[in-house]
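[1] 3D, please:
(one chain, ligands or ions: 1)
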Amino acid sequence: EKAGYEHFMMKEIQEQPKAVQDTLNSVIHENKIDLAEVGLEEEQIRDVSQIYIVACGSAYHVGVAAQYVIEDLARIPVRVELASEFRYRKPILDPNGLVIIISQSGETADSLAALREAKSKGIRTLAIVNVVGSSIAREADNVFYTLAGPEISVATTKAYSTQLIAAYCLAVQFALVREEITEEYYTELITEMQTLPDKIRKVLDDKERIQWFAAKQANARDIFFIGRGLDYAISLEGSLKMKEISYIHSEAYAAGELKHGTISLLEDNTLVIGVLTQSDLYEKTLSNMVECKSRGAYLCAVTSYGNYSIEDTADFVTYIPKTDTHFATSLAVIPLQLMGYYVSVSKGLDVDKPRNLAKSVTVE
Ligand code: M6R
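    From the prediction side, this is the model:
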């Protein structure tokens, strides 16, 4: 039941520190990642020459983030694909490839079909799944269970957060096994990952301010989310959260791509939400925000503590604690989930069961 919360979505948002902690605890033992339960041998990890991540919706957005993290740390090429596209484009798969299917329910028809397609070609499959014993979990060669617990709200929050953790653990372990990172950096990354539950708690503590801001956006017609690199991956998720439960049209854009079309949509007071957690890309995205402002946009920024120069440009800022840049997605997504939630609540909509959507999409 809702345990005193008005909606499952808020209950599940609040459960994220625990869900993330449980998922970390399931694979981190004595400050080392242990993939024995997942069933991946070191030799298999060494042999992988290409990774394909295939998923739908928010799980696909985890894939977009995972691509950055795996490529950067483990230096293995990664392709991310929407399951509904992958299965029909006669994919050319590397025989030493690894197909990673990400799915909360483990029953999404397109993701299941993509898994079968990969298996029929003899490619190893690894599923990141939340529901134990689901079809995808049963059919995949290897399974990494996320320990989010049951998720009721159609808009995913805690499952998304635990899928990110699974992706980080694979990236960090692959990086070590393939000798792409030092033992010291490995230990540092694992130590930092374990601080995420507390840091998520800290972001959640700021929810009244976000509620206040979100309530003022109920009449927005369009909202744009922009970011670069991992911040683009977060933008994709922020935009989906917003549109699916608030019914406000929103789009995520790679910040540098704005001036190739989208910027013409900006009018006075159009809300643009910039995500700036990647220090090496901060100035670049900031200058894109300045461009939006000069076209009349109303600016909200999600960035790390310390980046106070943002206040010269943005109208509203939400700060997140500092972390290793690879893991910032886990923190920056929280204010975006809260924004979608509070806009939906302030419009009096059915937060947990938005119109036309199902929790698990078992048709193609
Ligand atoms: O159960 P799955 O993770 O396979 O579901 C995938 C998508 O249907 C799901 O993430 C959907 O996009 C959510 N409504 C997003 O909040």
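[2] Residue 213 contacts residue 343, doesn't it?
    No: using C-beta atoms under 8 Å, residue 213 makes no contact with residue 343, being 9.6 Å away. Every C-beta, even on glycine, is put in place using the N, C-alpha and C of the backbone.
[3] So which of those two has more stuff around it?
    A side-by-side neighbour count of residue 213 and residue 343, using other C-beta atoms under 10 Å, places residue 343 first with 28 against 20.
[4] Check whether the host helix or strand of that one comes near the ligand.
    Residue 343 is part of helix 329-346, with elements assigned from DSSP states H and E. No: interface with the ligand: helix 329-346 contributes nothing (C-beta under 6 Å from any ligand atom), its closest point being 9.2 Å away.
[5] Not counting its neighbours along the chain, what's nearest residue 342?
    residue 214 (3.4 Å; C-beta to C-beta, 6 or more residues apart in numbering).
[6] Flag every buried residue along the strand or helix carrying that neighbour.
    Secondary structure from DSSP H and E places residue 214 in helix 207-215. Across helix 207-215, burial judged by 16 or more other C-beta atoms under 10 Å covers 207, 210, 211, 213, 214.
[7] what's the average pLDDT for the helix or strand following it?
    As assigned by DSSP H and E, the chain's next helix or strand after helix 207-215 is strand 222-227. Averaging pLDDT along strand 222-227 yields 97.
[8] which neighbours does strand 222-227 have in its sheet, and in what orientation?
    Here strand 222-227 is paired, per DSSP bridges, with strand 249-254 (parallel), strand 271-276 (parallel).
[9] what's the distance between it and the middle of its chain?
    16 Å (C-alpha atoms, centre = their mean, to the nearest Å).
[10] Contact partners for residue 112?
    Residue 112 makes contact with 135, 136, 139 under the criterion C-beta atoms under 8 Å, 6 or more residues apart in numbering.
[11] Equivalent analysis for residue 132, please.
    residue 145.
[12] for residue 87, same thing?
    110, 113, 114, 117.
[13] now, among those residues, which is nearest to the ligand?
    residue 110 (8.4 Å; C-beta to the nearest ligand atom).
[14] Which of the helices or strands spans the closest one?
    Applying DSSP H and E, one finds residue 110 within helix 109-120.
[15] now swap in residue 61 and tell me
    Here residue 61 is assigned to helix 57-74, by DSSP H and E.
[16] roughly how far out does that helix sit from the chain middle?
    8 Å.
[17] hey, C-alpha coordinates of it in PDB?
    Extracted C-alpha coordinates of helix 57-74, given in PDB (Å, rounded to 0.1, in the frame of the first residue of the first chain):
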ATOM      1  CA  GLY A  57      11.400   4.100 -22.500                       C
ATOM      2  CA  SER A  58      13.200   4.900 -19.300                       C
ATOM      3  CA  ALA A  59      15.200   1.700 -19.500                       C
ATOM      4  CA  TYR A  60      16.500   2.900 -22.900                       C
ATOM      5  CA  HIS A  61      17.500   6.200 -21.200                       C
ATOM      6  CA  VAL A  62      19.500   4.200 -18.700                       C
ATOM      7  CA  GLY A  63      21.200   2.600 -21.700                       C
ATOM      8  CA  VAL A  64      22.100   6.100 -23.100                       C
ATOM      9  CA  ALA A  65      23.800   6.900 -19.700                       C
ATOM     10  CA  ALA A  66      25.400   3.500 -19.600                       C
ATOM     11  CA  GLN A  67      26.900   4.000 -23.000                       C
ATOM     12  CA  TYR A  68      28.800   7.000 -21.800                       C
ATOM     13  CA  VAL A  69      30.000   5.300 -18.600                       C
ATOM     14  CA  ILE A  70      31.000   2.000 -20.100                       C
ATOM     15  CA  GLU A  71      32.800   3.600 -23.000                       C
ATOM     16  CA  ASP A  72      34.600   6.000 -20.800                       C
ATOM     17  CA  LEU A  73      35.700   3.600 -18.100                       C
ATOM     18  CA  ALA A  74      36.000   0.200 -19.800                       C
END
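[18] Against which helices or strands is that helix packed?
    strand 50-55, strand 78-82, strand 97-103, helix 158-177, helix 230-246 (3 or more C-beta pairs under 8 Å, 6 or more residues apart in numbering; DSSP states H and E).
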